[in-house]
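Asks: Give the three-dimensional model of this entry:
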Amino acid sequence: MPHAVLCRALGPPERLDFADLPPAPVGPGEARVRLEACGINFPDTLIIAGKYQHRPELPFIPGVESAGVITELGPGCGEWRVGDRVITRQRTGGYAEEIVRPAQDLLRLPQGFSFTEGASFTVASLTAYHALVQRASLAAGETLLVHGAAGGVGLAAVELGNRLGARVIATASNAEKLAVARRRGADEVIDYAAEDFVERVRQVTDGAGADVIFDPVGGEVLKQSLRAIGWGGRILVVGFAGGTIPELAANRILLRSCSVIGVRAGEASRVQPELAKAALDALLALAEEGHLRPHIARTLPLRSYAEGMRLLMERKAIGRVVLLPRG
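Replies: Predicted coordinates:
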């Protein structure tokens, strides 16, 4: 029987079980995919603790994106064939050796992508695209400030912002992380553990501030971003990886005439599926052309799920962490 990581009770990663589960049946319009890689995303760590907007019924298998090979097809699967290399996207089920998904929800693995890259591409890239293009309308020549720039979604925003023609300023907590961000397209880098990022942003923008701020960190970083935003700028609230949800000073929003914009790419995909299709089409085209590629920090066996999740929770990973079901 295939192995999977099972959440029977809410709590930390160490409470999850590594279990044998019977294979799920394949119905009409469905495909069985032998998974070769399973991406770890920060929301996975929140879902298993009951701290995320989506709260699946127990027990469930965590994991929102993965990649592998189609091994079985039900009737009515269109042009898909057994042996096709695919990316799977789902709300749960990715930390496993195999998964059954509607064939219409599969994505073809971009040319030249490994399974580990495919399993860590869509969530971060879709979040970055939805935020920068569909929510903030980032334009060429504008200044983009990316916080948490060495994380998976932060690096995706750096790379995409560079591709869109923006001047990208990246913040992170040490030189090693900033070096990766610079290699991925950051024009300026700021170690916010060693210097005041607000003052540095003002310096490098001649006092104007950033046009767009992409913030997956939250907490004090988000509060201080109101001092770094330019007139009429857009602050993108992407998440709270720092662990704190702040209260914002409304007077600063007024004084800078700026917009504070919430970003929920997953929910937007469900409410406005045409937005998700447009974003995915654009992202897959960029990937095929070699312009977007995930930075893989670590690969671990599926059994090491707790170690991998801890790397994200403690913000120790530079880029993406991927589980390998087959060693």
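
Asks: list the buried ones in the helix or strand residue 159 falls within?
Replies: Element membership of residue 159, judged by DSSP states H and E, is helix 152-163. Neighbour-count burial for helix 152-163, counted by 16 or more other Cβ atoms under 10 Å, picks out 152, 153, 154, 155, 156, 157, 158, 159, 160, 161, 162. Quick note: C-beta positions are derived from backbone N, CA and C, even for glycine.

Asks: How about stretch 309-327?
Replies: By 16+ other Cβ under 10 Å, the buried positions in stretch 309-327 come out as 309-313, 315, 317-325.

Asks: gap between the residue lying closest to residue 215 once chain neighbours are set aside and residue 212?
Replies: Leaving aside its chain neighbours, residue 215 sits nearest to residue 147 (4.7 Å; criterion: Cβ to Cβ, 6 or more residues apart in numbering). Residue 147 sits 12 Å away from residue 212, going by Cβ to Cβ, to the nearest Å.

Asks: for residue 223, same thing?
Replies: Counting by Cβ to Cβ, the gap from residue 223 to residue 212 is 17 Å.

Asks: out of the two, which sits in the busier spot?
Replies: residue 212 (28 against 15; other Cβ atoms under 10 Å).

Asks: For the more buried one, what is the enclosing helix or strand?
Replies: Going by DSSP H and E, residue 212 is part of strand 210-215.

Asks: Please enumerate residues in contact with that strand?
Replies: 128, 131-132, 136, 138, 142-148, 154, 157, 161, 166, 169, 201, 221-222, 225, 228-230, 233-238 (Cβ atoms under 8 Å, 6 or more residues apart in numbering).

Asks: swap in stretch 293-303?
Replies: Contacts for stretch 293-303 (Cβ under 8 Å, 6+ apart): 3, 5, 18, 37-38, 95-97, 113, 116-117, 120-121, 124-125, 152, 155-156, 159, 180, 184, 287, 307-308, 311, 317-325, 327.

Asks: Give the partner strands of the longest strand that the chain contains in its sheet and their orientations.
Replies: Longest strand in the chain, counting residues (DSSP state E): strand 30-40. With DSSP bridges as the test, strand 30-40 is paired with strand 65-73 (antiparallel), strand 98-102 (antiparallel), strand 320-324 (antiparallel).

Asks: Reformat those strands into CSV and put mean pLDDT and distance to residue 244 next to each item.
Replies: Below are those laid out as CSV (pLDDT from 0 to 100; distance: least, Cβ to Cβ, whole Å):
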stretch, mean pLDDT, distance to residue 244
strand 65-73, 98, 26
strand 98-102, 98, 34
strand 320-324, 97, 23
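
Asks: ok but residue 169 is inside a strand, no?
Replies: Yes. Assessed with DSSP: H, G, I helix; E, B strand; the rest coil, residue 169 lies in a strand.

Asks: bridging residues for it?
Replies: Assigned bridge partners for residue 169, using DSSP bridges, are residue 145, residue 188.

Asks: wait, doesn't residue 125 sit right on residue 157?
Replies: No. Using Cβ atoms under 8 Å, residue 125 is not in contact with residue 157; the gap is 9.3 Å.

Asks: Now do the helix holding residue 159 against strand 320-324, angle only.
Replies: 120 degrees (axes from the mean of the first three to the mean of the last three Cα atoms, to 10 degrees).

Asks: got the angle for helix 152-163 vs strand 210-215?
Replies: Going by the same axes, to 10 degrees, helix 152-163 makes 160 degrees with strand 210-215.

Asks: Now do the residue nearest the centre of the chain against residue 195, distance only.
Replies: Residue closest to the mean C-alpha point of the chain, counted by Cα atoms, centre = their mean, is residue 124 at 2.3 Å. The gap separating residue 124 from residue 195 is 27 Å, by Cβ to Cβ.

Asks: What's the local residue count around the residue nearest to residue 14 when sequence neighbours are not counted?
Replies: Computed as Cβ to Cβ, 6+ apart, the closest residue to residue 14 that is not its neighbour in sequence is residue 306, at 5.2 Å. By other Cβ under 10 Å, 16 other residues sit near residue 306.

Asks: From residue 324, how far out is residue 306?
Replies: Taken as Cβ to Cβ, the span from residue 306 to residue 324 is 15 Å.

Asks: Could you do residue 100 as well?
Replies: 20 Å.

Asks: Need the nearest residue in space to residue 135, chain neighbours excluded.
Replies: residue 261 (5.2 Å).

Asks: Assumed the one you found was part of a strand.
Replies: Yes. Under three-state DSSP, residue 261 falls within a strand.

Asks: quick one, what contacts it?
Replies: 135, 136, 234, 235, 236, 237.

Asks: Residues contacting the helix ranked longest in the chain, please?
Replies: When the chain is parsed with DSSP state H, its longest helix is helix 273-288. The contact list for helix 273-288 (Cβ under 8 Å, 6+ apart) reads 107-108, 110-111, 113, 121-122, 125-126, 129-130, 133-134, 163, 265, 268-269, 292-293.

Asks: related to what we said a few turns ago, would CSV of the buried residues of helix 152-163 with distance to residue 176 and pLDDT be doable?
Replies: Output for the buried residues of helix 152-163, formatted as CSV (distance: Cβ to Cβ, whole Å; pLDDT from 0 to 100):
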residue, distance to residue 176, pLDDT
152, 16, 92
153, 18, 95
154, 14, 96
155, 13, 96
156, 19, 96
157, 19, 97
158, 15, 97
159, 18, 96
160, 22, 97
161, 21, 98
162, 20, 97
